[in-house]
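A.B. asks: got a predicted model here, sequence first, then my questions.
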Amino acid sequence: MKKISVIVGSLRKGSFNRKMAKALMALAPDSLSLEIIEIGKIPFYNQDLEDNPPQAWTEFREHLKEFDGVLFVTPEYNRSVPSVIKNAFDVGSRPYAKNMWEGKPAGIVSVSIGAIGGFGANHHLRQALVCLDMPTMQQPEAYIGNAESLFDENGELASASVKQFATKYMLAFAAWVELTAPYKK
């Protein structure tokens with residue numbers, strides 16, 4: 001079984017991205033064990049603090065080591081990713097030559113209330129993953145729009161077509177992780 005960290009880019013209490021992350025986790029095949037890693041309270045990266053790093057940095061870096069891959073579920077903020085994701089990248093990839101993201105297979109699901117489903121954030125995230133040396137699943141792409149209409153009053157995924165797509169996505173992601181996880185150094 002492969003351990004997968006789930007990084008949710010929205011901190012909002014009623015986040016559609018968190019709801020989608022939980023739905024994806026529930027639809028994942030048994031070959032994956034998924035866990036949401038909270039990133040909202042990680043202090044902003046500042047290289048001056050590396051001599052005595054904040055405990056939250058150290059805990060995040062150590063926790064990230066335990067995982068075989070990463071699933072990102074992100075909204076789009078100003079055609080890009082939320083700052084909490086960028087900060088998690090910076091903290092997890094430092095200090096130099098100690099990139100905790102390196103070699104971990106990645107998947108990206110962008111979720112938005114807009115019709116294009118966070119396309120800009122999805123692609124901006126892909127650019128960063130190249131630098132972090134994370135082999136990223138190319139297909140199927142996952143841009144999930146109109147998020148406000150996808151969940152019932154209990155926060156469960158109510159759209160049959162999105163549920164079917166999410167199941168297909170998670171099966172493909174499991175195969176991707178199996179294929180690329182040996183790359184992990």
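C.D. replies: Nice, I can see it. Numbering: from 1, shown residues only.
A.B. asks: where do the strands sit along this protein?
C.D. replies: Assigned by DSSP state E, the strands in the chain fall at 2-8, 32-36, 69-74, 106-111, 143-144.
A.B. asks: next one: the residue nearest the centre of the chain from Tyr96, what distance?
C.D. replies: Among the residues of the chain, the one closest to the centroid is Phe72, at 1.3 Å (Cα atoms, centre = their mean). Separation of Phe72 from Tyr96 (Cβ to Cβ, to the nearest Å) stands at 23 Å. The way it works is simple: take the backbone N, C-alpha and C, and place the C-beta from them, glycine included.
A.B. asks: got a list of what Ala21 touches?
C.D. replies: Applying Cβ atoms under 8 Å, 6 or more residues apart in numbering, we find Ala21 in contact with 6, 8, 36, 71, 73, 109.
A.B. asks: can you pull out the low-pLDDT segments for this structure?
C.D. replies: Residues of the chain that meet the criterion pLDDT under 70 lie in 182-185.
A.B. asks: quick check, the residue nearest to the centre of the chain in contact with Val111.
C.D. replies: No - assessed by Cβ atoms under 8 Å, Phe72 is found out of contact with Val111, at 10.7 Å.
A.B. asks: how far out from the middle of the chain is stretch 30-42?
C.D. replies: Taking Cα atoms, centre = their mean, to the nearest Å, the mean C-alpha location of stretch 30-42 is offset from the chain mean by 8 Å.
A.B. asks: show me what that stretch is in contact with.
C.D. replies: Residues outside stretch 30-42 that contact it (Cβ under 8 Å, 6+ apart): 1-8, 11, 18, 21-22, 24-25, 28, 56-57, 60, 63-64, 67, 71, 84-85, 87-88, 91, 170, 173-174, 177-178.
A.B. asks: just the residues you listed: which are in helices?
C.D. replies: Applying DSSP state H to those, the entries found in helices are 18, 21-22, 24-25, 56-57, 60, 63-64, 84-85, 87-88, 91, 170, 173-174, 177-178.
A.B. asks: weed out the non-buried ones from those.
C.D. replies: Neighbour counting with 16 or more other Cβ atoms under 10 Å marks 18, 21-22, 24-25, 57, 60, 64, 84-85, 87-88, 91, 170, 173-174, 177 as buried within the ones in helices among the contacts of stretch 30-42.
A.B. asks: hmm, what's the outermost residue in this protein?
C.D. replies: Quick read of the chain (Cα atoms, centre = their mean): farthest out is Asp51, 28.4 Å.
A.B. asks: quick check: phi and psi on that residue?
C.D. replies: In terms of degrees, to the nearest 10, the main-chain angles of Asp51 are phi -70, psi -30.
A.B. asks: distance of it from Asp90?
C.D. replies: From Asp51 to Asp90 the distance is 17 Å (Cβ to Cβ).
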